[in-house]
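Chemist: no sequence on this one, just coordinates:
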Ligand SMILES: NC(=O)C1=CN([C@@H]2O[C@H](COP(=O)(O)OP(=O)(O)OC[C@H]3O[C@@H](n4cnc5c(N)ncnc54)[C@H](OP(=O)(O)O)[C@@H]3O)[C@@H](O)[C@H]2O)C=CC1
Ligand SMILES: O=C(O)[C@@H]1CCC=N1
């Protein structure tokens with residue numbers, strides 16, 4: 001199947017690039033992928049030069065050629081993107097939507113056909129094949145469609161299948177998740193500056209600390225609180241540091257952050273629903 005498949009990306013931003021980068025030359029040859037966007041021709045040129053993918057400014061043509069269409073525009077742009085080219089879609093195609101918050105039903109109603117839609121919530125670590133992706137099937141998608149999407153996303157990391165209602169939570173947790181880790185690293189780098197460590201040295205130490213801790217979680221399978229206790233000597237430095245995080249309610253802030261991102265996913269879908277009704 002993979003060798004004859006043509007995949008069209010509607011949208012050529014960060015997430016499309018992460019997927020292209022992860023999939024190219026593994027599951028699909030770059031020339032099996034057609035990339036299109038709203039108007040940024042320079043961006044298409046960059047993707048063509050970097051990954052060898054095909055690019056197309058005629059979105060209708062790009063959709064007609066595709067076996068799989070990946071929706072990779074922002075949720076707010078999906079109606080404007082799909083409505084004018086709805087006639088180009090056919091029931092033989094699989095639509096994979098990366099859009100936060102937007103339901104499979106909204107997509108089929110925007111296109112006005114009983115199309116197989118699989119929703120995916122990957123993250124940008126797909127670029128290095130370390131994504132955590134959750135999938136869910138729309139009402140017209142079969143087990144075969146889901147299996148095709150699964151194979152695609154397994155190329156770029158781990159895949160789990162969830163009920164569609166849970167994709168908001170997945171978005172708040174692991175779709176946005178890499179940003180929370182980068183934010184922590186930003187803070188650690190700021191701190192390193194303030195405590196007088198050379199930037200290059202600090203960068204290396206922080207990175208290895210994050211990688212080491214992530215590997216410890218996976219390799220030992222111990223609860224994070226147990227691993228934390230192993231670092232925390234009584235009356236030592238960690239205890240002193242964590243007491244400051246507790247004073248700033250760090251865990252509460254993280255919980256509130258993920259809940260708010262989850263809520264925002266719902267809002268994005270709702271806003272679109274109101275505009276198409
Ligand atoms: N970034 C992330 O970490 C993740 C994002 N997602 C989802 O992926 C989607 C894309 O996000 P992201 O890559 O960050 O967004 P970007 O803003 O980086 O990219 C959006 C892309 O959509 C294109 N676009 C806009 N309007 C149209 C249109 N009418 N037809 C075709 N293409 C269009 C833009 O083209 P142009 O530049 O020409 O305007 C641009 O290439 C979103 O729906 C998001 O929810 C999901 C998981 C993680
Ligand atoms: O910020 C966003 O809306 C997208 C969805 C998940 C990650 N980025």
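Modeler: That came through, no problem. Not measured: the values here are computed from a predicted model. Residues are numbered from 1 along each chain as shown. Ligands and ions are numbered 1, 2, ... in the order given.
Chemist: ligand 2 contacts on the stretch 151-277 of the chain?
Modeler: Contact residues (Cβ under 6 Å from any ligand atom) of the stretch 151-277 of the chain with ligand 2: 171, 175-176. Where you see a C-beta, it was placed from the backbone N, CA and C, and this is true even at glycine.
Chemist: pLDDT, distance to ligand 1 and secondary structure added to the residues you listed, as JSON lines?
Modeler: As requested, these are exported to JSON lines (pLDDT from 0 to 100; distance: Cβ to the nearest ligand atom, whole Å; DSSP: H, G, I helix; E, B strand; the rest coil):
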{"residue": "171", "pLDDT": "98", "distance to ligand 1": "7", "secondary structure": "helix"}
{"residue": "175", "pLDDT": "98", "distance to ligand 1": "4", "secondary structure": "helix"}
{"residue": "176", "pLDDT": "98", "distance to ligand 1": "7", "secondary structure": "coil"}
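Chemist: which stretches in this protein count as strands?
Modeler: 7-10, 33-36, 54-55, 68-71, 94-97, 116-121, 131-137, 157-161 (DSSP state E).
Chemist: so which bits of the longest helix seen in the chain are buried?
Modeler: Ordering each helix of the chain by length in residues (DSSP state H) puts helix 250-276 first. Going by neighbour count (16 or more other Cβ atoms under 10 Å), the buried part of helix 250-276 is 258, 261-262, 264-266, 268-269, 272.
Chemist: do you know how far residue 161 is from residue 256?
Modeler: According to Cβ to Cβ, to the nearest Å, residue 161 and residue 256 sit 28 Å apart.
Chemist: output the below-cut-off pLDDT ranges for the chain.
Modeler: Counting by pLDDT under 70, the chain contains low-confidence ranges at 1-3, 277.
Chemist: domain ranges for it?
Modeler: Residue ranges for the domains of the chain, per automatic domain parsing: 2-164, 177-259.
Chemist: so which of those domains is the most packed in?
Modeler: Highest mean neighbour count among the domains of the chain (mean count of other Cβ atoms under 10 Å): domain 2-164, with a mean of 19.
Chemist: run the chain-centre distance for that domain.
Modeler: Offset of domain 2-164 from its chain centre (Cα atoms, centre = their mean, to the nearest Å): 12 Å.
Chemist: closest point of the chain to ligand 2, which residue?
Modeler: Nearest to ligand 2, among the residues of the chain, is residue 175, at 3.4 Å (Cβ to the nearest ligand atom).
Chemist: neighbour-wise, which of the residues of the stretch 151-277 of the chain next to ligand 2 leads?
Modeler: Within those, most neighbours by other Cβ atoms under 10 Å means residue 175, with 27 neighbours.
Chemist: now do residue 209 against ligand 1, distance only.
Modeler: Counting by Cβ to the nearest ligand atom, to the nearest Å, the gap from residue 209 to ligand 1 is 24 Å.
Chemist: go on, residue 6?
Modeler: Distance from residue 6 to ligand 1, by Cβ to the nearest ligand atom: 17 Å.
Chemist: quick one: the residue lying closest to residue 53 once chain neighbours are set aside from residue 21, how far?
Modeler: Using Cβ to Cβ, 6 or more residues apart in numbering and skipping residues adjacent in sequence, the residue nearest residue 53 is residue 33, 4.4 Å away. Remark: distance between residue 33 and residue 21 (Cβ to Cβ) = 11 Å.
Chemist: who touches both of these two?
Modeler: Common contacts of residue 33 and residue 21 (Cβ atoms under 8 Å, 6 or more residues apart in numbering): residue 51.
Chemist: could I get the residues of the stretch 151-277 of the chain next to ligand 2 as JSON lines with distance to residue 82?
Modeler: Below are those laid out as JSON lines (distance: Cβ to Cβ, whole Å):
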{"residue": "171", "distance to residue 82": "20"}
{"residue": "175", "distance to residue 82": "21"}
{"residue": "176", "distance to residue 82": "24"}
